[in-house]
Each structure stands twice: as structure tokens, then as C-alpha cells.
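**Student:** give me coordinates for this.
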Amino acid sequence: MSELDLYAKYLYLGVKLGRSGEDLTTWVEDKVRQDMERSDRQIERERKREEMEMQKKREETEMQREEREMQRQREEMAFRREEKERESQRQLELSRMELEAETTKLELSSRSNADVGRAILSVHPGGPVLSGLFRDSPPGVRRGLCGLQGYPTQYLPSLVLTRAKNPDISTEMQWF
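**Tutor:** You can find the predicted model right below:
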């Protein structure tokens, strides 16, 4: 109700209640002021309630956005992990192919070069052991054999033929 409507309402009620003169005027003004204050408080409460609802909606929207961002980051991290795994698999496959190529190259080299001799690769309980007659092997072949057995290339084995159970096969290695 507007302020003018409130004055009309309370003026009518005041006259009905038998008020008159200054008493009527004071009573009507007090009632109108109380109603206006009550209306203002109600309007303020309504405004605060609406603000709270809007704030709650903003927070929910923000939380949903943050959740979507976190989900996106998790998916991105999973994709990166999968990509790294695929890359490591590719590197592993590439290393395996290089090893096969080196083995083939070594086999061809040992067959065609009489100085190389015969190569026998065996597995020892303590780990891989390079066996065979490589005393006169070219350094490239020895390096290839070390790579085949998993030895770093700086530890090229020179096989010692003494104290071997079989004179053709040595299980001792001398590092140089």
C-alpha cells in the first residue's frame, strides 16, 4: 500500500474508534510510520533473501565450474600419462628393433669375417655372460656383443681362454 492509502485507512479507523483532533492525527501518523517501517523491514528482508539466493546460485555455479576444471585437469593428466606410456612403449620397441638389427649385423659380420671366430651367447646363473672366441674380434663387434649382453660400452670384455672348462668357451672376463 502507498503512504496515502495508509493515511486514508487509519484516518477512517481512527474516526470509527472515536478519535478526534490532535489525538486522531498523532494516532494516524504513528500507525502509518509503523506500517511504513514494517514494510521497509519486510522489503529489506526480501531483498536480503534474494541476495542470499543469488549468492548461493553463484557459489553453486562457481563450484560446478571448479569441478569441471578439476575434471578437465584429471583427464588431461590421464592423457599425458597415457601419452608418456605410449612413448615409452615406442622407445622400448625402437630399442628392441635396434638390438635385433645389431644382432643381425653381428651375425652377418661373424659369418663373413674369419678373424671374428664363432660366437656363443649363454646365460649364467649370476647374469648374462658373454662367451666365445673373441680374442681377435674387431672393437665394433665386441662393442655390439657387450650391447647384446646389457653391458655398458665402456666395459668391453676381453675373454680369457685360460682356466676354462672347455678350451673353446670361456666364462671369465677381463675388463679393460
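
**Student:** could you use CA atoms for every contact and neighbour count after this?
**Tutor:** Will do.

**Student:** give me the helices and strands touching the helix or strand harbouring R74, please.
**Tutor:** Under the criterion of DSSP states H and E, R74 resides in helix 21-112. Counting contacts by 3 or more CA pairs under 8 Å, 6 or more residues apart in numbering; DSSP states H and E, helix 21-112 is packed against helix 3-16, helix 139-149.

**Student:** from E50, how far off is E82?
**Tutor:** E82 sits at a distance of 47 Å from E50 (criterion: CA to CA, to the nearest Å).

**Student:** the helices and strands packed on helix 21-112: lowest mean pLDDT?
**Tutor:** For these, the weakest mean pLDDT is recorded on helix 139-149, namely a mean of 48.

**Student:** any low-confidence regions in the protein?
**Tutor:** Counting by pLDDT under 70, the low-confidence segments of the chain come to 108-176.

**Student:** repeat that with 80
**Tutor:** By pLDDT under 80, the weakly predicted segments of the chain are 1, 104-176.

**Student:** can I see the domain layout of the chain?
**Tutor:** Residue ranges for the domains of the chain, per automatic domain parsing: 3-76, 113-175.

**Student:** shouldn't R19 be within a helix?
**Tutor:** No: going by DSSP: H, G, I helix; E, B strand; the rest coil, the assignment for R19 is coil, not a helix.

**Student:** burial count for it?
**Tutor:** R19 has 16 neighbours, counted by other CA atoms under 10 Å.
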